[in-house]
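J.: could you look at this predicted model? Sequence included:
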Amino acid sequence: MFDHLSLQCDDLDASRRFYEQTLGPLGIAVTLNFGDVLGLAGRDGVPKFWLGRQTTGGVQREIHLAFTAPDRATVGTVHRATVELGAEVLHEPKEWPEYHPGYYAVFLRDPDGNNVEVVSHS
C-alpha cells in the first residue's frame, strides 16, 4: 500500500541512533544521508523509511509505526537492542491474541514520542 514513509524529528541524531539500533535486527539501516534527511532501507537497499529534521510548524502528535519481524526471536532481539539503548519500552514482547493468533510484538517509544511496534505474525 505505501511506497515510503517520512517522519520529522526534533533531534535527528537521537532518532538515527534509536532507529538504527532498534531496527538493525530487521536488517534496516541508513543507506542515504542528505544531512537533514536520512533514508533507511531494508535488505533490498531501497529507502522506504525516511527521517528528517522538524521543519514545519506545530507540535508533533504521536504516530504509531509497525515494522514486520520474520519471527519471535527477532522481536526479542529488537527488544534487547532497545533496552541497551536506554529507550522506553511501552510493552514487553508478548502474544496479543486479541489482534489474531500468533500476533507477537514489542512496543517502544522513539525520541519524538512515537509508538514503534515490531511484530511477527508467525
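T.: Nice, I can see it. Numbering: from 1, shown residues only.
J.: distance from stretch 3-13 to the middle of the chain?
T.: Shown here is stretch 3-13, whose average C-alpha point lies 11 Å from the average C-alpha point of the whole chain (CA atoms, centre = their mean, to the nearest Å).
J.: which positions within that stretch qualify as buried?
T.: The neighbour-count check on stretch 3-13 (16 or more other CB atoms under 10 Å) flags 7, 8, 9, 12 as buried. Yep, even glycine has a C-beta here, placed from its N, CA and C like the rest.
J.: quick one: which of these sit in helices?
T.: residue 12 (DSSP state H).
J.: identify, from the buried residues of stretch 3-13, the entry nearest to residue 46.
T.: For residue 46, the nearest member of the buried residues of stretch 3-13 is residue 7. The distance, counting by CB to CB, is 17.6 Å.
J.: the closest residue in space to the closest one that isn't next to it in sequence: neighbouring residues, count only.
T.: The spatially closest residue to residue 7, leaving aside those adjacent along the chain, is residue 51, at 5.6 Å (CB to CB, 6 or more residues apart in numbering). Using other CB atoms under 10 Å as the criterion, residue 51 is surrounded by 22 other residues.
J.: then residue 23?
T.: By other CB under 10 Å, the residues close to residue 23 number 22.
J.: would you confirm that it contacts residue 78?
T.: Yes - under the criterion of CB atoms under 8 Å, residue 23 lies in contact with residue 78, with a separation of 7.4 Å.
J.: who touches both of those two?
T.: Common neighbours of residue 23 and residue 78, counting by CB atoms under 8 Å, 6 or more residues apart in numbering, are residue 118.
J.: now do the helices in the protein.
T.: Using DSSP H, helices in the chain cover 12-23, 72-85.
J.: only the buried residues of stretch 74-90, if you could.
T.: Neighbour counts over stretch 74-90 (16+ other CB under 10 Å) mark 74, 75, 76, 77, 78, 79, 81, 82, 87 as buried.
J.: low pLDDT regions in the protein?
T.: Low-confidence segments of the chain, defined by pLDDT under 70: none present.
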